[in-house]
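1. Kindly generate the corresponding structure for this input.
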Amino acid sequence: MRQVPVAEGLFTWPADEPRLIASRCLDCDNHMFPTQDDCPKCSGSSTEAVELGRTGVLWTWTVQGYPPKSPPFAGEAGPASFQPFGVGYVEVDGKVRVESRLTVADPERLAIDMEMEMVIEPLCVNQDGDEVVTFAFAPRARADHG
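-> Residues are numbered from 1 along each chain as shown. Presented below is the predicted three-dimensional model:
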């Protein structure tokens with residue numbers, strides 16, 4: 001099955017180590033995700049596309065316990081088939097907070113300030129039979145120092 005990104009220009013794809021694509025303001029160094037032509041911080045109109053790092057820190061989160069409105073939601077939205085999912089803001093590179101799906105929906109496994117890593121996950125199958133993939137953040141495995 002062919003994989004396609006949920007939207008063009010959100011992350012590098014296909015890639016062995018995909019990265020989110022953001023904008024950086026050339027006037028004030030503000031970073032924005034998704035990309036923007038104008039800077040909301042200084043109103044400058046000189047931006048460039050930059051790739052963000054793959055790791056970050058969970059700034060805040062919640063669990064989406066009911067199907068969002070569709071569109072724009074893509075995926076199983078029926079009450080019988082819907083699976084709750086984590087959603088949160090992840091601060092990436094200390095420069096931008098990215099709103100994202102989380103790979104974990106269990107409140108016992110999520111905590112503010114935990115280290116996260118960007119991954120690519122299947123979202124749904126489109127009408128052409130392609131698997132649509134999106135970015136998400138997963139808790140980083142911690143090395144056992146015991």
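2. If the spatially most central residue of the chain is in a bridge, with which residues?
-> Among the residues of the chain, the one closest to the centroid is Ser100, at 3.6 Å (Cα atoms, centre = their mean). Using DSSP bridges, the bridge partners assigned to Ser100 are Gly88.
3. my read: it touches Phe137, true?
-> Yes - in terms of Cβ atoms under 8 Å, Ser100 counts as a neighbour of Phe137; the distance is 5.0 Å. In this view, the C-beta of every residue, glycine as well, is placed from N, C-alpha and C.
4. who touches both of these two?
-> Common neighbours of Ser100 and Phe137 (criterion: Cβ atoms under 8 Å, 6 or more residues apart in numbering): Gly88, Val90, Met118.
5. got a list of what the last one touches?
-> Translated: Met118. Here Met118 is in contact with 11, 18-20, 54-56, 92, 100, 135-138 (criterion: Cβ under 8 Å, 6+ apart).
6. Can you read off the backbone torsions of Glu107?
-> Let me fix one detail, which is that residue 107 is Pro and not Glu. In terms of degrees, to the nearest 10, the main-chain angles of Pro107 are phi -60, psi -20.
7. and it, what pLDDT?
-> Pro107 is assigned 95 on the pLDDT scale.
8. Alright, that wraps it up for me.
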